[in-house]
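**Q** this one's sequence-less:
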């Protein structure tokens, strides 16, 4: 896990270098996702926009410019809507983006807000037809009497244009707020999960979906847990996992029954009675779950820790990593300022040897599962000059021994939170969303995964 | 006592958050509402336990009960308390919260049915009745009779209107059989 990283200049969400300090709420990045090759990186924001970045191909003349990500396309995915029956406004914020594996020249991605999932086609156009018989160059209809001969229109090269069009809209299937979408390895189906239900869709069919998990109790007063995240197994198209607010994971097999309310496996760590507090329930809620690339492990994130689970062991996690344990004594204040409800995501690297997750003060953490080393890095403009090497940071507990450059817990900025991070599928390139800024870090020296 | 004060504060904050989440853009967040309800339930349980402890201390002032120590030791850290067994609790009034989630055609309540404290016969009707003495009516419930409060009165007045407001709001939306019952059942922490 190399510490030498090359940083592209911090782009603001739409690829422009920001020249002002205030943050427009609509620009806050709400999701980040690499596609399957890592060539494209998509971000979604609170304003319902999606921005796609493309990696520049390697160039022999400028080897250092190789691999930088530039804006490829921007489009408005979702608009605010109003549910007039329930008198509710539906936010346009993009909750999740998931890419489909590429099957032809075009790229496809799914984006979702709280209620509606959309399939978008991203294609390039670099040729246009010229020489129509009935239209002139500007598209005006020609006067028939002026046409004396026929010609065959030819395709002429033009400046590259990236076109994005909505191909499917999957609507009206969720009563509660959609928190996850996951494309199946069969490349034909995908699932969408809200607080209480999970639906299975076929990518080509928008007017119906199958409900595969329903944990809504008959009496809502009996509600004790909600679904917080869900994902399909990367290889087995019949398996998926969903996490709950109680800190449990359920692995379900779609072959067993049409309705997968009954789990195949239940992953739960018994609660430590000595650690019980007012906020035990809140901090044990799982905010994200990710299968490893191998499909053998699960990575979960709750408020203070990240855990790696072995699919073959349900009784407890294989590894537990403390992300910011120094916050444990501050839970009351974090509850009052709402930070305790923050939902951090987590990510695997391509070889499943390193896990990454975000924290506060624009810090993000990486844990090497093999060497057991961990590092805290900061995504900020000051520490991220291009080609700069990121300096590891350290947070010292209040009253602890303080070294130079350490940050004390009390001076952490809780408004600067890194909730969304993504790791390139094969290389050591990471994308970090810090409020409205996107940071892309590359490990130039150790670019091969090991 | 610090624990009960902490518990009260947490309950007030939770209620405030639940109340303000109604006006939030995007509608009520079920997950958040559930977590807040669970926190409130936790805090309420701890508050009751602390109250019971205070009373038993008052009753046996000569002999410090062993459980008292375990409660005070928990206050050294801001939010850590030792939860005592639910057996100590006799108060089984369920906390009825109308979250007023309009996302269902029927009204739903993300309320916490305090199952572990329900009376043995367990029927919903009976459990809503007060048990009188045994319940040891907590001092923070809105009082029906004129009562001399030791300086808490003003404090209570400022908080309860917010709470009443909240409960009224939710009872308007809820197809509740007896809204007034709910009002009295609500935990008014000050």
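**A** Noted; the coordinates are in hand. Nothing here was measured: the structure is a model prediction, and the numbers come from that model. Numbering: from 1, shown residues only, chains lettered A, B, ... in the order given.
**Q** switch to C-alpha atoms for all contacts and neighbour counts from now on
**A** OK.
**Q** So for stretch A:76-87, mean pLDDT?
**A** In this model, stretch A:76-87 has a mean pLDDT of 93.
**Q** If you could redo that for stretch A:332-345, that was the one I meant.
**A** 96.
**Q** Just confirm yes or no for it near chain B.
**A** Yes: on the criterion Cα under 8 Å from any Cα of the partner chain, stretch A:332-345 is in touch with chain B at A:332, A:336, A:341.
**Q** May I see those organised as TSV, with neighbour count and secondary structure added?
**A** Formatted as TSV, the residues of stretch A:332-345 next to chain B follow (neighbours: other Cα atoms under 10 Å in any protein chain shown; DSSP: H, G, I helix; E, B strand; the rest coil):
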residue	neighbour count	secondary structure
A:332	19	helix
A:336	14	helix
A:341	18	helix
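**Q** what would the residues you listed look like in TSV with distance to residue A:236?
**A** Below are those laid out as TSV (distance: Cα to Cα, whole Å):
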residue	distance to residue A:236
A:332	42
A:336	43
A:341	33
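**Q** Distance of residue A:388 relative to chain B?
**A** Distance of residue A:388 to chain B, computed by Cα to the nearest Cα, to the nearest Å: 40 Å.
**Q** whoops, residue A:237 was the one
**A** Going from residue A:237 to chain B by Cα to the nearest Cα gives 28 Å.
**Q** element containing the nearest residue to that residue once chain neighbours are set aside?
**A** Once flanking residues are discounted, residue A:237 sits nearest to residue A:185: 5.4 Å by Cα to Cα, 6 or more residues apart in numbering or on different chains. Here residue A:185, judged by DSSP states H and E, is contained in no helix and no strand.
**Q** Does residue A:185 touch residue A:236 like I think?
**A** Yes: using Cα atoms under 8 Å, residue A:185 is in contact with residue A:236, at 6.9 Å.
**Q** From what I see, residue A:429 and residue A:423 are in contact.
**A** Yes: using Cα under 8 Å, residue A:429 makes contact with residue A:423 at a distance of 6.1 Å.
**Q** List the buried residues of stretch B:44-56.
**A** Using 16 or more other Cα atoms under 10 Å in any protein chain shown as the test for burial, stretch B:44-56 gives B:44-54, B:56.
**Q** returning to that earlier point: who has more neighbours, residue A:185 and residue A:236?
**A** For the pair residue A:185 and residue A:236, the greater number of neighbours falls to residue A:185 (18 against 13), based on other Cα atoms under 10 Å in any protein chain shown.
**Q** Can you give me the distance of that one to residue A:274?
**A** Using Cα to Cα, to the nearest Å, residue A:185 is found at 42 Å from residue A:274.
**Q** Just the element for the residue nearest to residue A:287 when sequence neighbours are not counted, please.
**A** Of all residues not flanking residue A:287 in the chain, residue A:343 sits nearest, at 5.1 Å (Cα to Cα, 6+ apart). Applying DSSP H and E as the criterion places residue A:343 outside every helix and strand.
**Q** could you give the mean pLDDT of the longest helix seen in chain B?
**A** Ranked by number of residues, the top helix in chain B under DSSP state H is helix B:30-59. The pLDDT scores in helix B:30-59 average 88.
**Q** circling back to that earlier point, show me the contacts for the residue nearest to residue A:287.
**A** Residues counted as contacts of residue A:343 (Cα atoms under 8 Å, 6 or more residues apart in numbering or on different chains) are A:287-288, A:302-303, A:419.
**Q** Over to residue B:44?
**A** When contacts are counted by Cα under 8 Å, 6+ apart, residue B:44 touches B:7-8, B:11.
**Q** can you list the weak-confidence ranges in the chain?
**A** No chain was given, so I picked chain A. For chain A, the stretches flagged by pLDDT under 70 are A:1-22, A:60-66, A:384, A:398-401, A:444-450.
**Q** nope, chain B please
**A** B:1, B:61-190.
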